[in-house]
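Trainee: I'll drop the sequence and a predicted model, then ask my questions.
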Amino acid sequence: ALPESHNPDEVSTTVKAFMTAELPNELIELLEKIVLHGDEFSNNKNLQNLLILTAIKADSARVMDYIHRLDNFDGPDIAK
């Protein structure tokens, strides 16, 4: 399963597919498993940024929780 994957290309391809298919809620669930509950990509800045940005658009109630739980996102970049 993808959340246990150690292959960055698999993760990238899957994330792009979810974005292309415009499945933000499913993308949030996937990113939570990869970033919040996984080890391999838990400190990945791009995935953390994407999780926050996707939540801003699709489920704003989750944003503050992510900001408190994540520690490697780029706040100024997200603010743009």
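Mentor: Structure received.
Trainee: Please make it C-alpha for all contacts and neighbour counts, starting now.
Mentor: OK.
Trainee: who are the neighbours in contact with the residue nearest to the spatial centre of the chain?
Mentor: The centre of the chain sits closest to Leu51, judged by C-alpha atoms, centre = their mean, with a distance of 3.1 Å. Contacts for Leu51 (C-alpha atoms under 8 Å, 6 or more residues apart in numbering) come out as 28, 31-32.
Trainee: I'd like the list of the residues you listed that fall within helices, please.
Mentor: 28, 31 (DSSP state H).
Trainee: Go through the contacts of Leu51 and say which is closest to Thr14.
Mentor: For the contacts of Leu51, the minimum distance to Thr14 (C-alpha to C-alpha) is 10.4 Å, reached by Leu31.
Trainee: measure the closest one to Glu4 for me?
Mentor: Leu31 is 12 Å from Glu4, where distance means C-alpha to C-alpha, to the nearest Å.
Trainee: What of Val11?
Mentor: Distance from Val11 to Glu4, by C-alpha to C-alpha: 10 Å.
Trainee: what about the two, which has more around it?
Mentor: Legend: neighbour count by other C-alpha atoms under 10 Å for Val11 and Glu4, higher for Val11 (20 against 14).
Trainee: I figured the more buried one hits Ser5, correct?
Mentor: Yes: using C-alpha atoms under 8 Å, Val11 is in contact with Ser5, at 7.3 Å.
Trainee: Could you measure from Ser42 over to Glu29?
Mentor: 14 Å.
Trainee: which ones are touching Glu40?
Mentor: 4-6, 34.
Trainee: now do Ala61
Mentor: Residues in contact with Ala61 (C-alpha under 8 Å, 6+ apart) are Ala55.
Trainee: heads up, I number from 48, so please use that
Mentor: Sure, I'll start numbering at 48, so the last one becomes Ala108.
Trainee: Buried residues in stretch 101-112, which are they?
Mentor: 101-102, 105, 110 (16 or more other C-alpha atoms under 10 Å).
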